[in-house]
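> My questions are about this predicted structure, shown below with the sequence.
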Amino acid sequence: MFSPFKNIEALLGAILGCIIILLFTHHGGIGISRDSIAYLSAANSFVDGRGFVEYDHVPLALFPVGYPIILGIFKFITHCPVIVFGAYLNAGLFAIAIYLLGCILKQMVFPNSIITITLISILVFAVPLHEEFYMLWSESVFILLEVLLIISLTHYFTLQKKYYYYIAVFIASYAAITRFAGITFIAVPGLLVLLNTNITLWKRWKNIIAGVLVGITPLAINLIRNYYSTTEVAGNRQKGIYTLYDNISFSGKVFCEWFYNTALTTTTTFTVGLIVLLLLVAYSLYIIFRMYKYRSNTTYYKVATIYGTIYYLFILTIATLSRFETINNRLLSPLFIPVLLLMVHIGERLINSTLFSSLQRTKAIIVTMIFVVLLSKEVMASYDFYIDVQDSGIGGYTEDSWRQSETIEYINEHIKQYSDSIPVYSNSAHSLYLFTDTYFHLLPEKTHDKKIAYMYTLPQFYVIWFNEEGNDDILPLSAIQQHRKRKLIQHFGDGDVYLMEN
């Protein structure tokens, strides 16, 4: 089924997808954000035998340890910095994901080779997926694990082999320590096993309990480690500031960007987000009913739809209860694959339905044209992005403006002065770590009263301030000036170095 000789289209798509990621990252390397630096600094400390420590010398707690472990293993094997091999690792992960999904799509629409090629091309040029693979983010591994989960659970139901279930459980357990949202993986095998009426109810519950215990154990160990290292289970998380209506609207905006790419009103984006939610929930309930009542065959799109529904509900819930970044493509990217597979299934059903059966060829042409239009949008967006990054690099800390920073160059030249006894704070401690391989303190956020109080107990400390960092949550210089005298040490076009004294 997954033989490259029988899936040439998927193999060629995988190769092309790999090339696209390498083209995007050619100028400045893989895209790096603040989260990326948290991952790579934790990976570095893991390889050095110091546990999982972030760029500001604080134990990693805001993110689970699964992704830094993978980065650390590759660093240990290659003896190369994460920032060097990151682009090649992600290009390979993207290629594997495309190949596996290409094989699945070919099965779903066979023998229509035109639709198959179109759908694989959509995956290759899918902007919603590109971002997760040209950036050093855990989503690259998470999305591949999602594909593997869909395959293993489908095989479990199709072949009724228990080891496929435990493969799915292992995948779910690692997904949960790759992203905390990976806890949604653990729910899917248990739910589907409960629907497997081919085995007795007692065996179903025995498998579910065993699966949940195995699946949750790595995450539980990670959370216990976090608590004993930082007294916080999953980092310092604050109460959500957006309502459920807001989050559905933000989600709808992302979906519109995926398939339509235009500015729409809040009411429209809320409607789109709600329609997608209701469609997923309704289809999932229908699938569950059919599987339980009639023992209907379990196919890839069914597993993907059920998972996508659980994931979407989880993101909406956690974004409403807890404060983090506004729902965006990064958070919803794992939903792209279930939505695409569901669209393909609906298209296939329309083509083969008895409704207007005499117009089957016409229906096939219409469905194909819809996917061709989507493909053309993705190709143009991919091309526009390549034009933007080919000369300056991917936006983030590997972009030319950061690589050529005067402030960072000065700190590198005087690194001994700024790594001695006087503490050094910065609004961009992560970028300093990236370019100097030295730990600095991150200026506290406005709401972190204890960290602010501790900083003010210090008789003196340096502040390295970057003008373009743009984190409004960080304590501003004006607030620090109210408690300390500010002495300018060096001024640059992109930042300043100050000594703060009593």
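Nice, thanks for sending it over.
> Within the helices and strands, which one has residue 285?
helix 266-294 (DSSP states H and E).
> That helix - what's its average pLDDT?
If you average the pLDDT over helix 266-294, you get 90.
> for it, packing partners?
helix 244-259, helix 300-321, helix 336-352 (3 or more C-beta pairs under 8 Å, 6 or more residues apart in numbering; DSSP states H and E). No exception for glycine: its C-beta is placed from N, CA and C like everyone else's.
> Just the buried residues of the next helix or strand after the last one, please?
For helix 336-352, the succeeding helix or strand toward the C-terminus, using DSSP H and E, is helix 360-389. Within helix 360-389, the residues scored as buried using 16 or more other C-beta atoms under 10 Å are 363-364, 367-368, 371-372, 374-375, 377-378, 381-382, 385, 389.
> which residues does residue 96 contact?
14, 144 (C-beta atoms under 8 Å, 6 or more residues apart in numbering).
> between the strand or helix carrying it and helix 300-321, how many degrees?
Using DSSP H and E, residue 96 sits in helix 82-109. Angle between the axes of helix 82-109 and helix 300-321 is 130 degrees (criterion: axes from the mean of the first three to the mean of the last three C-alpha atoms, to 10 degrees).
> Going by contacts, tell me the helices and strands next to the following helix or strand past helix 82-109.
The helix or strand immediately downstream of helix 82-109 is helix 113-124, counting by DSSP H and E. Contacts defined by 3+ C-beta pairs under 8 Å, 6+ apart place helix 113-124 against helix 8-24, helix 82-109, helix 336-352, helix 360-389.
> can you do 6 Å?
helix 8-24, helix 82-109, helix 360-389 (3 or more C-beta pairs under 6 Å, 6 or more residues apart in numbering; DSSP states H and E).
> So which of those is nearest residue 275?
helix 360-389 (16.8 Å; C-beta to C-beta).
> now that closest one against helix 8-24, angle please.
Using the same axes, to 10 degrees, helix 360-389 lies at 20 degrees relative to helix 8-24.
> returning to what we had before: just send the helices and strands packed on helix 266-294 back as TSV, with mean neighbour count too.
Shown next, in TSV, are the helices and strands packed on helix 266-294 (neighbours: other C-beta atoms under 10 Å):
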stretch	mean neighbour count
helix 244-259	20
helix 300-321	22
helix 336-352	20
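> Which of the ones you listed has the lowest mean pLDDT?
helix 336-352 (a mean of 89).
> what helices or strands is that one leaning on?
helix 300-321, helix 360-389.
> Swap in 10 Å and give it another go.
helix 82-109, helix 113-124, helix 127-134, helix 139-159, helix 244-259, helix 266-294, helix 300-321, helix 360-389 (3 or more C-beta pairs under 10 Å, 6 or more residues apart in numbering; DSSP states H and E).
> before we move on, the earlier item: for residue 155, which of the helices and strands packed on helix 266-294 is the nearest?
Taking the helices and strands packed on helix 266-294 one by one with C-beta to C-beta, helix 300-321 is closest: 9.9 Å.
> Which strands and helices lie in contact with the closest one?
Counting by 3+ C-beta pairs under 10 Å, 6+ apart, helix 300-321 packs on helix 82-109, helix 139-159, helix 183-194, helix 244-259, helix 266-294, helix 329-332, helix 336-352.
> Grab the CA positions of the shortest one and hand them over as CSV.
It stands for helix 329-332. What follows is helix 329-332, C-alpha atoms only, in CSV (Å, rounded to 0.1, in the frame of the first residue of the first chain):
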residue,chain,number,x,y,z
ASN,A,329,-2.4,29.1,11.6
ARG,A,330,0.3,27.6,13.9
LEU,A,331,-2.3,26.5,16.5
LEU,A,332,-4.8,25.2,13.9
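> That helix - contacts with which helices or strands?
helix 127-134, helix 139-159, helix 244-259, helix 300-321.
> and the closest residue to residue 134 other than its chain neighbours, what does it touch?
Of all residues not flanking residue 134 in the chain, residue 24 sits nearest, at 4.4 Å (C-beta to C-beta, 6 or more residues apart in numbering). For residue 24, the contacting residues are 30-31, 87, 90-91, 130-131, 133-135, 382, 385-386, 388-390, 393-394, by C-beta atoms under 10 Å, 6 or more residues apart in numbering.
> Where do the domain boundaries of the chain fall?
1-137+360-391, 141-231, 237-352, 405-501 (automatic domain parsing).
> Can I get those domains in TSV including distance to residue 399?
Shown next, in TSV, are the domains of the chain (distance: least, C-beta to C-beta, whole Å):
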stretch	distance to residue 399
domain 1-137+360-391	6
domain 141-231	24
domain 237-352	18
domain 405-501	10
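> ok so, going back, just put the helices and strands packed on helix 329-332 in JSON lines and tack on distance to residue 453.
As requested, those are exported to JSON lines (distance: least, C-beta to C-beta, whole Å):
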{"stretch": "helix 127-134", "distance to residue 453": "38"}
{"stretch": "helix 139-159", "distance to residue 453": "36"}
{"stretch": "helix 244-259", "distance to residue 453": "33"}
{"stretch": "helix 300-321", "distance to residue 453": "28"}
